[in-house]
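K.L.:
got a sequence here, can you model it:
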Amino acid sequence: MNDRSRPQRFRAWGRRQLYSFFSSLGSLANNAVGTLMTVAVLGIAMALPLALYVAVDNLEAVDLKTERWGSLSVYLVESANEADAQSMATLLQDRYAAQVEVVSPDEGLASFREASGFGAVLDLLDGNPLPWVLHVTPAEEGKADLEARVAELAAWIEAQETVDAVQVDFRWLQRLEAFVGLARSLVAVLTAVLALAVLVIVANTIRLDVANRAGEIEVLHLVGAPNGFIRLPFLFAGFWYGFLGALLALVLLNAALLYLSAPAERLLDAYGNTLRLEGPGLPVTASLLVAGGVLGLGGSWVAVGRHLRRFRLAD
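P.N.:
Numbers count the residues shown, from 1 in each chain. From the prediction side, this is the model:
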């Protein structure tokens, strides 16, 4: 008899779970204004760390060309010729074991024409105004003393008679890498703080709901309803709050990405990078929805347990 009743009890338990799961959503819909306000606050709280995570993820995808950090662009004087450029390249290779790429004025003009799109304007020029250019990459000797070695190399090059100017433009890339590292740490801190905020918001919302339904809870207790039965609708309500808040955070983030994608792409194109903004992938989306639901359940569990003890209904 017990074996026969066990499937029945399991089916009854499953029906009760499903009923509480969907009836709690109906209860939230009946109080649409309050629910929307709570979900909006939760959505904004979850969207902040998610947006920062996506921003860092996109920044990490930018090609920082770290293998070329410390490279210098050496512009020779207008009167310099190919022999001068090759002589300077040989000196740099022999003296500093540097890698040197020699770019002729014609090659530089062709590259500029392709990158800038100003072909028609360049055709109006009487001649080629570009000088001979050397792209110099110091020998790999570790990153610790990179700036000192680059400064020494740049000073020696600038002292040469055939050199007009030396450009070192890698420092902003180093700063960007440091900023990405800082932002990655900030994501973790912000996620922890706002996860706690979500717990508090849901717990406070469920606390008010429990207080408003104190009479109903007393009646259920008097007719012998177990604590689990009384607690279940509030737990599922907390789950829906967290889940809907996470869903709203995803909507807000994707709307922001859609708005920002065009100007961000123009900015990256200006620096020669063809990266396109990417939103959160499926694993991140699924993780956020699950985390939202779990945080909502956690907040409601804390609130319901505390207030059931006040009603002397705790297990």
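
K.L.:
got a list of what the residue nearest to residue 104 when sequence neighbours are not counted touches?
P.N.:
Distances taken as C-beta to C-beta, 6 or more residues apart in numbering place residue 132 nearest to residue 104, at 6.4 Å, with adjacent residues excluded. The way it works is simple: take the backbone N, C-alpha and C, and place the C-beta from them, glycine included. Contacts for residue 132 (C-beta atoms under 8 Å, 6 or more residues apart in numbering) come out as 75-76, 80-82, 84-85, 102-105.

K.L.:
relative to residue 244, which of these is nearest.
P.N.:
Comparing those against residue 244 with C-beta to C-beta places residue 103 closest, at 57.6 Å.

K.L.:
quick check: bridge partners of the closest residue in space to that closest one that isn't next to it in sequence?
P.N.:
Counting by C-beta to C-beta, 6+ apart, residue 133 is the residue found nearest to residue 103 once chain neighbours are left out, at 4.3 Å. Here residue 133 sits in beta bridges with residue 75, residue 103, going by DSSP bridges.

K.L.:
isn't residue 55 right up against residue 180?
P.N.:
No - counting by C-beta atoms under 8 Å, residue 55 does not reach residue 180; the two are 9.5 Å apart.

K.L.:
how close does the residue nearest to residue 104 sit to residue 100?
P.N.:
Residue 132 sits 12 Å away from residue 100, going by C-beta to C-beta, to the nearest Å.

K.L.:
what's the answer for residue 148, then?
P.N.:
20 Å.

K.L.:
go on, residue 265?
P.N.:
Distance from residue 265 to residue 100, by C-beta to C-beta: 34 Å.

K.L.:
which one of those two has more residues nearby?
P.N.:
Remark: of residue 265 and residue 100, residue 100 carries more neighbours, 19 against 15, as counted by other C-beta atoms under 10 Å.

K.L.:
any chance you could read off phi and psi for that one?
P.N.:
Main-chain dihedrals, residue 100, degrees, to the nearest 10: phi -130, psi 130.

K.L.:
spit out the contact partners of the nearest residue to it once chain neighbours are set aside.
P.N.:
Using C-beta to C-beta, 6+ apart and skipping the chain neighbours, the partner closest in space to residue 100 is residue 89 (4.1 Å). The contact partners of residue 89, by C-beta under 8 Å, 6+ apart, come to 100, 102, 134.

K.L.:
pLDDT at the first one, what is it?
P.N.:
Per-residue confidence for residue 100 comes out at a pLDDT of 86.

K.L.:
doesn't residue 94 make contact with it?
P.N.:
No - taking contacts as C-beta under 8 Å, residue 100 lies outside contact range of residue 94: 10.5 Å.

K.L.:
for the protein, which segments count as helices?
P.N.:
All helices of the chain, identified by DSSP state H, fall at 2-30, 32-61, 82-96, 105-116, 119-122, 146-158, 171-212, 214-222, 227-270, 282-310.

K.L.:
where's residue 187 relative to residue 255, distance?
P.N.:
20 Å.

K.L.:
more crowded one of the two?
P.N.:
Set residue 187 next to residue 255 and count neighbours by other C-beta under 10 Å: residue 187 wins out with 20 against 11.
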